[in-house]
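In: Any chance you could fold what I've pasted below:
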Amino acid sequence: MSGPILIFDSGVGGLSVVAAMRRRLPEAALAYVCDDGMLPYGTKNDDWLVARIVAVCEAAVRESGACALVVACNTASTLALDALRARITVPVVGTVPAIKPAARLSRSRHLALLATSATVNRPYTQALIADFAADCQVLRLAADPLVEQAERLLTGNAVDRHVVADCLAPLWDDAELDTVVLGCTHFPLLREVLEAVAQWPITWVDSGDAIARRVAQVVVEPAPLVGPGPGWVTGSRARLAPVLARYGFAMPRHLDVPLPGRQSVPIPDDSSTFH
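Out: This next block holds a predicted model:
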């Protein structure tokens with residue numbers, strides 16, 4: 001029997017993709033892995049990240065018996081997809097900023113990409129803009145603090161709206177802006193807050209539905225959904241268990257993955273520190 005579809009992210013952002021996957025493939029078994037012990041990804045060295053992402057995904061694919069891997073992380077996808085496809089034998093579906101659909105939707109031709117520092121500055125991202133939004137004015141805005149705010153929201157803590165407003169403040173310098181690409185899978189989780197602090201109505205565009213459509217094309221026969229799906233974390237099981245349960249996953253197991261160039265350092269299950 002084929003295995004589950006494994007969704008990977010640095011934290012809980014991939015759960016926004018899980019929601020889209022469940023809408024499109026409601027009968028498919030899903031598994032989830034997050035490298036929450038190493039959050040945030042967006043500010044780390046590229047070479048270190050590639051090694052870390054490959055190590056975590058290889059371990060999780062092995063543990064889950066997955067039939068496919070969904071890299072539900074823009075930072076990881078714009079950096080490590082080639083390395084993952086070279087090392088992992090199951091299909092690998094990545095996530096890229098939704099520049100193409102945003103350009104189709106924008107009437108003013110003034111867009112913004114809201115993402116992590118790593119995604120904003122990646123040559124891959126610039127190529128997407130050149131290929132699909134060459135006739136648009138595109139602001140690339142790094143908003144790394146929003147990752148922590150999304151993690152706080154899903155783990156039962158209050159979002160700091162001042163932090164969100166500060167991250168979005170440069171958007172309002174362009175009075176013609178009408179479309180914003182949410183270029184991090186964490187950001188759709190903050191959709192209501194983003195809309196509340198926006199200074200005028202904005203079309204917010206993310207990649208969740210496009211990823212789900214692509215997975216449906218490449219995964220022929222995933223394992224059927226039978227009860228809660230398995231989950232793995234590299235950080236705090238206690239912190240993330242309630243979050244994963246809300247999205248249909250069992251109590252997560254700890255995935256012990258050595259840091260690149262180092263021995264593994266187990267993290268206590270009762271850790272409540274935000275990384």
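In: Need phi/psi at Val70.
Out: When read as degrees, to the nearest 10, the backbone of Val70 gives phi -110, psi 120.
In: does it really touch Leu15, like I thought?
Out: No - using C-beta atoms under 8 Å, Val70 makes no contact with Leu15, being 11.9 Å away. For every residue, glycine as well, the C-beta is placed using N, CA and C.
In: If you count surrounding residues, which of the two has more?
Out: Val70 (30 against 26; other C-beta atoms under 10 Å).
In: could you list every residue that touches that one?
Out: Listed by C-beta atoms under 8 Å, 6 or more residues apart in numbering, the contact partners of Val70 are Ile5, Leu6, Ile7, Phe8, Gly14, Val17, Met21, Val93, Thr95, Ile211, Val215.
In: Sort out for me which of those are in helices.
Out: Residues from the contacts of Val70 lying in helices, with DSSP state H as the criterion: Val17, Met21, Ile211, Val215.
In: how close does the nearest residue to the second one once chain neighbours are set aside sit to Leu25?
Out: Spelled out, that is Met21. Distances taken as C-beta to C-beta, 6 or more residues apart in numbering put Ala212 closest to Met21, at 4.9 Å, once the chain neighbours are dropped. Here Ala212 is placed at a distance of 7 Å from Leu25 (C-beta to C-beta, to the nearest Å).
In: So those two - more neighbours on which side?
Out: Neighbours per residue (other C-beta under 10 Å) separate Ala212 from Leu25, with Ala212 holding more: 21 against 18.
In: Report the contact partners of that one.
Out: The contact partners of Ala212, taken as C-beta under 8 Å, 6+ apart, are Val17, Ala20, Met21, Arg23, Arg24, Leu25.
In: just checking, Leu141 touches Ala169?
Out: No - because the distance of 9.5 Å does not satisfy C-beta under 8 Å, Leu141 is recorded as not touching Ala169.
In: more neighbours, the two?
Out: Between Leu141 and Ala169, counted using other C-beta under 10 Å, Leu141 has the larger neighbour count: 18 against 12.
In: Next up, identify which helix or strand the more buried one is on.
Out: strand 137-142 (DSSP states H and E).
In: before we move on, what about Arg85?
Out: Applying DSSP H and E as the criterion places Arg85 in helix 74-87.
In: What's the mean pLDDT across that helix?
Out: Summarised as a single mean, pLDDT over helix 74-87 is 92.
In: Touching it from outside, list them.
Out: 8-10, 41-42, 46, 49-50, 53-54, 57-58, 69, 71, 92, 94-97, 115-116, 118-119, 122, 124-125, 183-185, 207.
In: Now the buried members of those residues.
Out: Neighbour counting over the contacts of helix 74-87 (16 or more other C-beta atoms under 10 Å) leaves 8-10, 41-42, 49-50, 53-54, 57, 69, 71, 92, 94-97, 115-116, 118-119, 122, 125, 183-185, 207 as the buried ones.
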